[in-house]
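Engineer: Predicted structure and sequence below. I'll ask about it afterward.
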Amino acid sequence: MVVSVRRWLRRLLFVLLLGVFTVTMYGGCRLIAVWIAPDDPYRVPQGHALKVFKAGDLQEGENGSIAERLRLFYWYGE
């Protein structure tokens, strides 16, 4: 059996380069994800912005039945 050292070195170089490029690409994607993400999405708005959210219990009589709310959710995507 003939073992080619050049072929094995080429394969080793390919695997090493693949690993380096994979780690580099992963790090770049994580860096972009951190850069894009907002600092604190739940902070109190500043300036003229308003935070429109009402926390509370859902009551059937207030905004219709649960089925009606679900239909409107799928209709408007809200």
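Structural biologist: Thanks, I have the structure now. Numbering: from 1, shown residues only.
Engineer: What is the lengthiest helix in the chain packed up against?
Structural biologist: Using DSSP state H to assign secondary structure, the helix with the most residues in the chain is helix 5-36. Helices and strands touching helix 5-36, as assessed by 3 or more CB pairs under 8 Å, 6 or more residues apart in numbering; DSSP states H and E, are absent. The way it works is simple: take the backbone N, C-alpha and C, and place the C-beta from them, glycine included.
Engineer: Quick one: neighbours of Leu16, just the number.
Structural biologist: Here the neighbour count serves as a burial measure; for Leu16 (other CB atoms under 10 Å) it reads 10.
Engineer: I misspoke; the intended subject was Thr22.
Structural biologist: Residues contacting Thr22 under the criterion other CB under 10 Å number 10.
Engineer: What pLDDT does the model give it?
Structural biologist: At Thr22 the predicted local confidence, pLDDT, stands at 98.
Engineer: So it versus Arg11, what's the distance?
Structural biologist: When distances are taken as CB to CB, to the nearest Å, Thr22 and Arg11 turn out to be 16 Å apart.
Engineer: just Ile32 next, same as before
Structural biologist: In this structure, Ile32 lies at 32 Å from Arg11, with CB to CB as the measure.
Engineer: now do Phe21
Structural biologist: From Phe21 to Arg11 the distance is 16 Å (CB to CB).
Engineer: same thing with Met25?
Structural biologist: For Met25, the distance to Arg11 (CB to CB) stands at 21 Å.
Engineer: how many other residues sit next to Phe21?
Structural biologist: Using other CB under 10 Å, Phe21 has 10 other residues around it.
Engineer: Kindly report the same for Leu72.
Structural biologist: Leu72 has 13 neighbouring residues, counting by other CB under 10 Å.
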